[in-house]
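K.L.:
Sequence and predicted structure below; questions after.
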Amino acid sequence: MGSQMKHPINNLKPLFETLYERLNRRSLVHPDPLEFLYRYPQVRDREVVALLASCLAYGNVKQILRSISWVLERLQHPGEFIRSASLKAVRTRLRGFRHRFSTDEELSALLWAAGRVVEKYGSLGECLLRHWRPSQDILSALEGFVQEFYAHGEPSSLLPRPWRGGACKRLHLMLRWMVRKDAVDPGGWKGISPSALLVPLDTHMHRLALAMGFTRRRSANRRTVLEVTQAFRLINPQDPVKYDFALTRLGISPEQAAQCLKGQDRRLCSLLGLDMA
């Protein structure tokens with residue numbers, strides 16, 4: 001880690017566990033692109049929706065939800081569609097799409113490439129698993145996974161390139177959704193251990209990590225993600241991203257979070273930006 005913890009890990013774990021118990025609930029998911037995954041009981045569909053929802057998870061949340069909904073209305077059975085549709089058919093189905101600076105051409109390239117990956121490996125999850133080595137960081141597998149897509153096109157604004165050293169928040173969100181399984185994360189991908197996952201580092205999580213002394217790095221990049229994840233691994237080695245959803249709820253509904261954490265240590269809660277008065 002890049003800095004000394006401001007509070008002992010043993011002081012933080014009970015707080016995080018309370019937060020998880022009280023905020024890690026499906027009823028609190030909206031508004032979050034994760035909610036679209038719950039519509040798809042079949043993993044072959046859910047993994048495509050996870051790819052789509054995570055790649056579009058930038059910008060205003062209302063626009064994110066509108067964009068994802070627009071696409072899914074046109075795909076119906078996403079897993080089957082991407083496997084069988086030609087690039088021309090994908091482009092026709094998605095003509096007119098726009099999400100901030102992402103175009104229908106880029107989205108078509110992404111989904112058509114996903115179909116070719118599924119053709120090759122049987123599923124997106126199996127592709128990731130083939131690239132993963134338990135003795136290595138998940139980033140190596142993620143690089144191989146993304147390279148499979150770029151072998152078939154250039155969905156540039158949608159699919160981050162891990163080898164460039166960025167935080168890749170959207171990709172790590174997809175992994176959290178599809179690898180973990182609890183009341184919020186639906187899971188579906190087998191063979192990857194939750195212990196290998198890295199924190200999806202958004203602005204709010206980065207601010208919390210700085211406040212708690214998990215990192216001193218002011219730029220949210222790959223090195224920062226590794227430092228912050230290492231701190232969470234000291235708290236929960238088997239599942240370092242367990243608290244991610246609950247912690248991100250703090251930025252969306254701080255009043256609700258403060259209410260559920262009454263009775264907790266005031267100093268520690270103040271690190272999370274909660275007014276416990």
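P.N.:
Thanks, I have it.
K.L.:
And the average pLDDT for the host helix or strand of Q147 is what?
P.N.:
Element membership for Q147 (DSSP states H and E) is helix 138-150. The average pLDDT for helix 138-150 rounds to 95.
K.L.:
ditto for stretch 85-102
P.N.:
Per-residue scores along stretch 85-102 average to 94.
K.L.:
just to revisit the earlier point, and the next helix or strand past the helix holding Q147?
P.N.:
Following helix 138-150 in sequence, per DSSP H and E, is helix 169-179.
K.L.:
measure the spatially most central residue of the chain to H77 for me?
P.N.:
Centroid check for the chain by CA atoms, centre = their mean gives L173 as the closest residue, at 0.5 Å. Distance of L173 to H77, computed by CB to CB, to the nearest Å: 23 Å. C-beta coordinates here come from the backbone N, C-alpha and C atoms, glycine included.
K.L.:
try R217
P.N.:
Using CB to CB, we find R217 at a distance of 43 Å from H77.
K.L.:
Comparing these two, which shows the higher neighbour count?
P.N.:
Taking neighbours as other CB atoms under 10 Å, R217 and H77 compare with R217 leading, 18 against 14.
K.L.:
So which residues make contact with the helix holding Q147?
P.N.:
Contacts to helix 138-150, defined as CB atoms under 8 Å, 6 or more residues apart in numbering, come from residues 110, 113-114, 117, 120, 124, 127-133, 155, 159-163, 168, 171, 175, 192, 196-198, 222.
K.L.:
for that helix, which positions count as buried?
P.N.:
Buried residues in helix 138-150, defined by neighbour count with 16 or more other CB atoms under 10 Å: I138, L139, A141, L142, F145, V146, E148, F149.
K.L.:
do stretch 97-105 as well
P.N.:
F97, H99, S102, T103, D104.
K.L.:
Likewise for stretch 63-74?
P.N.:
In stretch 63-74, counting by 16+ other CB under 10 Å, buried: I64, L65, S67, I68, V71, L72.
K.L.:
Show only the entries of those found in helices.
P.N.:
I64, L65, S67, I68, V71, L72 (DSSP state H).
K.L.:
which residues touch the nearest residue to the second one once chain neighbours are set aside?
P.N.:
Counting by CB to CB, 6 or more residues apart in numbering, P31 is the residue found nearest to L65 once chain neighbours are left out, at 6.0 Å. Contact partners of P31, counting by CB under 8 Å, 6+ apart, are V61, K62, L65.
K.L.:
quick one: P31 is in a helix?
P.N.:
No - when the secondary structure is assigned by DSSP: H, G, I helix; E, B strand; the rest coil, P31 falls in coil instead of a helix.
K.L.:
Fine, thanks again, bye for now.
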